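Participant: for reference, the sequence and a predicted model appear below.
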Amino acid sequence: MLSKLFVDGLHIDWTKIDEDSYLRRIAALEQLEELTFTRSITFFVGENGTGKSTLLEAIATAYGLNPEGGSKNFRFATRETHSRLYEGLTLRKGYQRAKDSFFLRAESFYNVATQAEEYRDVTPPEIYYRQYGGRSPHEQSHGESFLGLMQNRFTEKGFYLLDEPEAALSPQRQLTLLLCIHRLSLGGSQFLIASHSPILLGIPGAELLSFDEGQLHPVSYEETESYQVTEMFLNHREYLLERLLGEGK
């Protein structure tokens, strides 16, 4: 059966990765050779340092997107820090081609916005400003420009990779982003998202892949650490703080 997803899986050829590469010491990645995506929205979840952003960045780069973020038209490098994992990674693509694609990462969005300003001279003003909600991204707060880009630049039938998009957003704005992602996915878009947000992870129908416990494996929403820690804090805040602060004395 032909997949309707733009990217429905990947293969990693580890013979193309240096023997002494730090990538071989990331437990969830070192034994990963094949991965299949089955939903239009896939979340990478897990503790910091487990390889979520590393794999997402490699997928984006292998797809032809700029490692620091942006579309296929963005070509800049503030600093060459991306891993070489993409060199051994082959994407398995579906029969459809995405009408649009974008790699959005919170940590380097300022650099993307700055580069977008430089591209403004070759972009019709009405198109440029419409993509960012009517104003230059540098004339908005980080969260406003971040969300404005997704609401105005992203279209249906696109392939989008988001790295911790919640970092710039308030809880209310995360709900707005949730609605945006859900709407676009119903319109034929595909999302790969690395996130810690218990709000975003609650999107109905999404597949959650955990990088914890040294291997990539599917989990339910309630099994994610993001949900469990948040639920524990909200329901047992006083007890939890007493224990945590008491241990620090």
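Facilitator: Arrived safely, thanks for sending. None of the values given here were measured: they were computed from a predicted structure.

Participant: in stretch 59-66, what's buried?
Facilitator: Of all the residues in stretch 59-66, those buried under the rule 16 or more other CB atoms under 10 Å are 59, 60, 61, 62, 63, 65, 66. Any C-beta I mention is one placed from the backbone N, CA and C, and that applies to glycine too.

Participant: quick check: closest non-adjacent residue to the second one.
Facilitator: Nearest non-adjacent residue to residue 60, counting by CB to CB, 6 or more residues apart in numbering: residue 103, 4.0 Å away.

Participant: quick one: contacts of the strand or helix carrying the one you found?
Facilitator: Taking DSSP states H and E as the definition, residue 103 sits inside strand 100-105. Contacts with strand 100-105, where a contact means CB atoms under 8 Å, 6 or more residues apart in numbering, come from 53, 57, 60, 63-72, 112, 146, 149-150, 153-155, 157-165.

Participant: my guess is residue 35 contacts residue 10. True?
Facilitator: Yes: in this structure, residue 35 is within contact of residue 10 by CB atoms under 8 Å, at 5.1 Å.

Participant: between the two, which one's more packed in?
Facilitator: Per other CB atoms under 10 Å, whichever of residue 35 and residue 10 has more neighbours is residue 10, with 20 against 17.

Participant: confirm that the more buried one sits in a strand.
Facilitator: Yes: checked against DSSP: H, G, I helix; E, B strand; the rest coil, residue 10 lies within a strand.

Participant: pretty sure it sits against residue 63.
Facilitator: No: between residue 10 and residue 63 there is no contact, the gap being 10.1 Å when judged by CB under 8 Å.

Participant: the residue minimising distance to the centre of the chain pairs with what?
Facilitator: Centroid-nearest residue in the chain: residue 162, 2.5 Å away (criterion: CA atoms, centre = their mean). Note on residue 162: beta-bridge partners residue 104, residue 193, judged by DSSP bridges.

Participant: need the strands for the protein, in chain order.
Facilitator: 7-12, 34-36, 41-45, 89-93, 100-105, 158-163, 190-194, 207-210, 217-219 (DSSP state E).
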